[in-house]
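> Based on what follows, work out the 3D shape:
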Amino acid sequence: MTVHFSAIRRERLEFFFGLVLFLSISSFTNAQTYRVQGTVYDSRTKESLIGVRVAVKDNRSSGAVSDEKGNYMLTLPKGRYTLQIDYIGYEGKEIEVTLSKDLRQDVELKQSAIGLKEIIVSGERADANVSSPLTGVERMEIEKINKLPVLLGERDIIKTIQLTPGVQGAGEGSAGFYVRGGSVDQNMILLDNVPLYNASHMMGFFSTFNSDVLREITLYKGSMPSQYGERLASVLDVQQRTGDNQDYHVSGGIGLISSKLNVEGPIQKGKSSFLVGARRTYADAVARMSGSKDAENACLYFYDLNAKVHFGLSDRDQLTFSGYLGKDKMALKDAAEINWGNMFGNLKWNRVINDKWNSGTSVFYNRYNYYFGMEMGMEMQGKAEIKDYGVRQEFIFQPDKASLWKLGISSTFHDIGPGDYKINAEQQNSLNLHHRYSSENAVYASNEIKLSDRLEVIYGLRLSAFMAMGDGEYYDLDEEKNVTDSIWYKPGKIVKAYVNLEPRLSAAYKLNSVSSVKAAYARTAQNMHLLTYTAQGTPFDRWTSSSNNIKPQVADQFSIGYFRNFSGNTYEFSVETYYKAMQNQIDYKDNADFQAYNVVETELLYGKGRAYGLELTLKKKAGRLTGWIGYTLSKSEKKIDGINEDKWYNAYQDRTHDLSVVGVYELNRKWTLSAAWVYYTGNAITYPSGKYRINGKDVMYYAERNGYRMPDYHRLDLGATCLLKKTSKFESELAFSLYNAYGRENAYMIRFRTNGDDTSKTTAYQYSLFRFVPSITWNFKF
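Prediction:
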């Protein structure tokens, strides 16, 4: 018998490969996974909730956390599951789902009945101090801000931010702040993603932010994500909340010099809502009622108006309009008037394209302007303004739970009117400074990815392109800053273009479940510059843009830190160090002519800067006593040829030491006490080193730039909140505060005069602003 071995081998091979194929298909079928994803909302306000934990019951390791838009996503094998949703201040929830295909499951959470305590909505995970790859980020809780001591009864988020490490106030009576050695103009301040050029009221005593209408406040002072740019030092991202689309509410407060009122409710119940907040001061009216003769002809007030309208067009589409209008006025009848203000409108369309892609499209208009007029012997008027027109498109792509992409493009057209002046208006003697037009554009991409259980990284790239444009006159300068030629550019003609590549990288490596090491690098570029000759800054400082003579400022920042949580995330500790190298830093030359209106470049010099420091933070986040201690040791310097004999000198924002101690104590269900103590080294400043006489007049002699110091600053503020009543329909409280409790006379400015008794001597005079400033405010909500 003949046996065909080749046929047997072929049949066995066919059977073997068939078995392998069958097992592979079975394995694939059994391992097939599906996505369940959706958005987590507040059931009452319909606002998305950030940082909500969504997990599979009895398997907490299979979970996700909702992102900045409230979206979550889980990838699970085919089967039936119970999703467990937990969030601080809200009732827990369980949802049964069956996965045989990709599924969308939105979640609505109800606020829990927690007695007299306010609900704290935090935009981060409980262990974010350790796990988040971002460094140098401060997220402020509105509820905690409202408990802190305040000046003249007005809650102020910028004053609160100044109590955190690495952030320093520009001085008493100023809403400006310095971040990691940067100047005031190196901070990008955003309200609903629209930039504000001046975020102050009453010459800096108050900020433009009404805390009652705010939802989220985030300060990026380290490695800012790629979607942010246009400033060197930091981004303060402030978001207004959305109105309640179920019920109507009215809230507000009445204080000694200011009051506010907020109204919100549904337009179409469950689908659309509105929120309007108004605030106004009346210090001048109070002074007049007191019988003060000095106040009879005076006018001093500010007002602002916030608005937000939200429409749920469909399950996938949302349309939001937000706006702001604010104005300050200071006037003395028949003598002088000063006013300034901001306004903007922003329209945004959010769309869920599919299970992986989201889209956000926005357009905005923004204007900042100021005016002054005097009628004392000589009539003089002046005004200036900045107008922005912008558009932005962003896509969010989440291919899986371990990776999140952000891709976008933005474009802003700037119109800077530096000033129009009239002297003796009847004779029409006028000076109209040339407008500066420019286009600022960017494309960016970033990816947040979890590479392992220990390592999480955010990397990104931003490409910015700035174009200085006509219509206007531009100047050529020689090495001595003298004008050699001028050219008039037609509208739309590009004068000079600057392109900057801005890489961003930050990473967190978890040493264990309670500690991590983080490192970051960021390059940033800035094309809008504030020219000021005072340390504190004023609403009338001059903004200008990059040109053929003024180059973009560029910074490279490196940071590294150690982060640790204790006692179940009740305590947070961090130590972080940074170094920032800056190019094309701007300063006025010695003996600058501040009246060089159209050719301001002739008075400017350029060089490099550096800032470095160490930041320590200890926070207590839970319990009856909460608060933090923050300390910063830092240095900020500039080196510009032509200033200080071409040597390094202190930047005016340089402060060696900065210490803040903040505490909030819940005494009982009715009373909450708070205190804040601050200390910092005095600002660097230029004082006269001597004097000489010319033609019988004393002339001060100045040597080293910023070679002296203002006196050290320290202050204690105390506060108390008394809850008068709280029911499901009405609540009210009294807020007491004492600013500068021990009456320290901190130096606001120091001036030098020749001694009247002995002309060979010079006397220094210190001016202070506040001692013992009490306030009381009644807040209500129904």
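
> So in terms of bridging, what pairs with the residue positioned nearest the centre of the chain?
The chain has Leu236 as the residue nearest its centroid, 0.7 Å off, counting by CA atoms, centre = their mean. With beta bridges defined as DSSP bridges, Leu236 has these partners: Ile189, Leu219.

> wait, doesn't it sit right on Leu219?
Yes. Counting by CB atoms under 8 Å, Leu219 is a contact partner of Leu236 at 5.2 Å. (C-beta placed from N, C-alpha, C; glycine too.)

> which residues do these two both contact?
Ile161 (CB atoms under 8 Å, 6 or more residues apart in numbering).

> And the strands in the stretch 101-250 of the chain?
103-104, 107-109, 137-140, 167-169, 177-179, 187-191, 194-195, 200-201, 206-207, 214-220, 234-240, 249-255 (DSSP state E, counting those that start in this stretch).

> Select, out of those strands, the one closest to Gly345.
strand 194-195 (8.3 Å; CB to CB).

> which residues are in contact with the closest one?
Contacts for strand 194-195 (CB under 8 Å, 6+ apart): Met188, Ile189, Glu230, Tyr324, Phe344, Asn346, Phe364, Asn366, Asp388, Gly390.

> In strands, which of those appear?
Met188, Ile189, Tyr324, Phe344, Asn346, Phe364, Asn366, Asp388, Gly390 (DSSP state E).

> Kindly write the ChimeraX command that selects the buried subset of those.
Selecting the buried subset of the ones in strands among the contacts of strand 194-195 in ChimeraX, with 16 or more other CB atoms under 10 Å as the burial test, is done by:
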select :188,189,324,344,346,364,366,388,390
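
> Among the ones in strands among the contacts of strand 194-195, which one sits closest to Thr160?
Nearest member of those to Thr160, counting by CB to CB, is Ile189, at 14.3 Å.

> what about the closest one, distance to Leu455?
33 Å (CB to CB, to the nearest Å).

> cool, Val699 as well?
63 Å.

> who has more neighbours, these two?
Neighbours were counted for Val699 and for Leu455 using other CB atoms under 10 Å; Leu455 has more, 14 against 11.

> Quick check: what element follows the worst-scoring helix or strand of the chain on mean pLDDT along the chain?
When the helices and strands of the chain are compared on mean pLDDT, DSSP states H and E, helix 5-31 comes out lowest with a mean of 42. For helix 5-31, the succeeding helix or strand toward the C-terminus, using DSSP states H and E, is strand 33-42.

> mind listing what's buried in that following strand?
Applying 16+ other CB under 10 Å to strand 33-42 flags Tyr34, Arg35, Val36, Gln37, Gly38, Thr39, Val40, Tyr41, Asp42 as buried.

> rewinding a little: so, if you compare the contacts of strand 194-195, which one comes nearest to Asp646?
Glu230 (30.4 Å).

> Distance of the closest one relative to Tyr571?
36 Å.

> Same drill for the two, tell me which one is more crowded.
Glu230 (20 against 16).

> neighbours around Ser362, how many?
If we define neighbours as other CB under 10 Å, then Ser362 has 20 of them.

> any chance you could map the helices in the stretch 51-200 of the chain?
Here the stretch 51-200 of the chain has its helices, by DSSP state H, counting those that start in this stretch, at 128-131, 142-145, 157-161.
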